[in-house]
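**Q** Need a 3D model of the following:
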Amino acid sequence: MAARVGIPSSLFYYVHFPMWQTFFSELGIEVVTSGQTTKGLLDAGVREALADACVPVKVFFGHVIALKDKVDYLFIPRIVCLNKKTIYCPKFLGLPDMIRHGLTGMPPIIDVEMDSREGWLSLWKSYLKIGRIFGIGRMKILRAYLKARAVARRFQSLLQSGLHPPEAMAALIEGAGLTFSPDNETGGLVFAVLGYPYEVHDPFISVGLVNKLKKLGVKVITMENLPPRKVARANPLEKNMFWTFSDLALNSAYYLFQEGRVDGIIHLTAFGCGPDSMVDKFMEMASRDYPGVPFMSITIDEHTGDAGISTRIEAFLDMVKRKKEVDWIPCPR
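**A** As a prediction, the model looks like this:
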């Protein structure tokens, strides 16, 4: 019987799951996910996580609890750096220890460290360690790793085409026939929803923000859809943010403000996230220099309700529409 590895459907799931799923599958290992976030799952995480943890970490605890009795191993890698420049949130680096010492009855945790600053072969060595945990030979691990890297590139290509991570996963893994047109065929508004992928694309903790906008006739782009090199060059500050997702979110805002390619920007931020409090302030300051692109921030936590979010979205949408109508009124001669 194949070993079962559990991957929580939270945090890095929205960035790396296609690669991880391919790697383990190629090794003959069954991958089990925890499914979508629910109220029961969130409540379970809130009861066990530290009180001052941000809601994504509390959600992660809930996903782990949902998996612990269904798998032989939990895959919670200690991802430090993947771009040789910025590092991930310290809470991410401590996740394996938080789970190991904060919850009881846990299966063995695969917490291999991944840090690209240690050399160009460092990531391959990390995956080699993972494969050897299961007693698999070097060549089979290498083939699985190369296949996984190819899938990761395909995943990024789908994101660049305009799909959001859940849609790209469906198209890639499930073979769903999803397509995307880069043109705004309906002639409606285009909003950017910026924020960490595990907040924006988790429909429960984001209270369905992306889908709400789509139902209102708004075309939504997220930072995964933007050109990485242009985004990286958009930062006018002397230094980059230390944290990877924070740096990407802030640079995406600068890029969109400078390009003026959207009708509005919404920043989704989690209450209790220290780095995000800085990111939100920098975005707000930048928005003052670009009054032509309306900006709004929405803060979420475990108590966020559907009605409040819907009201704010509808009000923001109405404001943007009114602004565009005023901007298009011809000046009297």
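
**Q** confidence score at the most centrally placed residue in the chain?
**A** In the chain, the centroid-proximal residue (C-alpha atoms, centre = their mean) is P197; its distance is 1.6 Å. What the model reports as pLDDT for P197 is 93.

**Q** What residues does it make contact with?
**A** By C-beta atoms under 8 Å, 6 or more residues apart in numbering, the contact set of P197 is Y14, V15, P165, T222, M223, E224, F245. (C-beta placed from N, C-alpha, C; glycine too.)

**Q** Same question for V200.
**A** V193, L194, S206, L209, V210, T222, L268.

**Q** If we use 10 Å, what do you get?
**A** 14, 164-165, 193-194, 206, 209-210, 220, 222-224, 249, 266-268 (C-beta atoms under 10 Å, 6 or more residues apart in numbering).

**Q** Return the member of those nearest to K230.
**A** M223 (11.9 Å; C-beta to C-beta).

**Q** Contacts only, for that closest one.
**A** 159, 192-197, 200, 231, 245, 248-253, 255-256.

**Q** one more time with 6 Å, if that's ok
**A** By C-beta atoms under 6 Å, 6 or more residues apart in numbering, the residues touching M223 are L194, L248, S252.

**Q** Name the nearest residue to it, ignoring sequence neighbours.
**A** S252 (3.9 Å; C-beta to C-beta, 6 or more residues apart in numbering).

**Q** re earlier: buried ones among the contacts of P197?
**A** Y14, V15, P165, T222, M223, E224, F245 (16 or more other C-beta atoms under 10 Å).

**Q** per-residue pLDDT, the third one?
**A** If I follow you right, that is P165. With respect to pLDDT, P165 scores 94.

**Q** do the same with the last one
**A** Confidence per residue is given as pLDDT, and for F245 that number is 91.

**Q** Quick check: it touching Y198?
**A** No - applying C-beta atoms under 6 Å, one finds F245 not in contact with Y198, separated by 8.6 Å.

**Q** biggest separation within the contacts of P197, which pair?
**A** Going by C-beta to C-beta, the pair spanning the contacts of P197 furthest: P165 and F245, at 13.2 Å.

**Q** what residues are up against F191?
**A** L213, V218, V220, G264.

**Q** What strand or helix carries it?
**A** strand 190-194 (DSSP states H and E).

**Q** Also R153?
**A** helix 138-160.

**Q** So which elements touch whichever helix or strand comes after that helix?
**A** Proceeding N to C from helix 138-160, the next assigned helix or strand is helix 165-173, under DSSP H and E. Under the contact criterion of 3 or more C-beta pairs under 6 Å, 6 or more residues apart in numbering; DSSP states H and E, helix 165-173 touches helix 138-160.

**Q** Just the residues contacting the helix it packs on, thanks.
**A** 18-19, 22-23, 26-27, 127-128, 131, 168, 171-172, 224.

**Q** okay, the contacts of P197 in CSV with secondary structure next?
**A** CSV is the format used below for the contacts of P197 (DSSP: H, G, I helix; E, B strand; the rest coil):
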residue, secondary structure
Y14, helix
V15, helix
P165, helix
T222, strand
M223, helix
E224, helix
F245, helix
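
**Q** Would you reformat the residues you listed as JSON lines and include distance to L237?
**A** Compiled in JSON lines, the contacts of P197 are given as follows (distance: C-beta to C-beta, whole Å):
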{"residue": "Y14", "distance to L237": "26"}
{"residue": "V15", "distance to L237": "24"}
{"residue": "P165", "distance to L237": "27"}
{"residue": "T222", "distance to L237": "22"}
{"residue": "M223", "distance to L237": "17"}
{"residue": "E224", "distance to L237": "22"}
{"residue": "F245", "distance to L237": "17"}
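
**Q** ok, so of these, who is nearest K324?
**A** T222 (22.0 Å).

**Q** pLDDT below threshold where in the stretch 151-300 of the chain?
**A** Residue ranges of the stretch 151-300 of the chain with pLDDT under 70: 173-187.

**Q** what about the residue nearest to F295 when sequence neighbours are not counted, helix or strand, and which?
**A** The shortest distance from F295 to any non-neighbouring residue, by C-beta to C-beta, 6+ apart, is to S287 (3.7 Å). S287 belongs to helix 274-289 when assigned by DSSP H and E.

**Q** how far is that helix from where the chain is centred?
**A** Offset of helix 274-289 from its chain centre (C-alpha atoms, centre = their mean, to the nearest Å): 19 Å.

**Q** Could you identify the helix or strand that succeeds that helix?
**A** strand 295-300.

**Q** strands paired with that following strand, and their directions?
**A** strand 264-270 (parallel) (DSSP bridges).

**Q** Can you give me every residue that contacts K91?
**A** Applying C-beta under 6 Å, 6+ apart to K91 gives the contacts V57.

**Q** how far is the helix or strand where it lies from where the chain is centred?
**A** For K91, the element it lies in under DSSP H and E is helix 90-93. Put simply, helix 90-93 sits 15 Å off its chain's centre (C-alpha atoms, centre = their mean).
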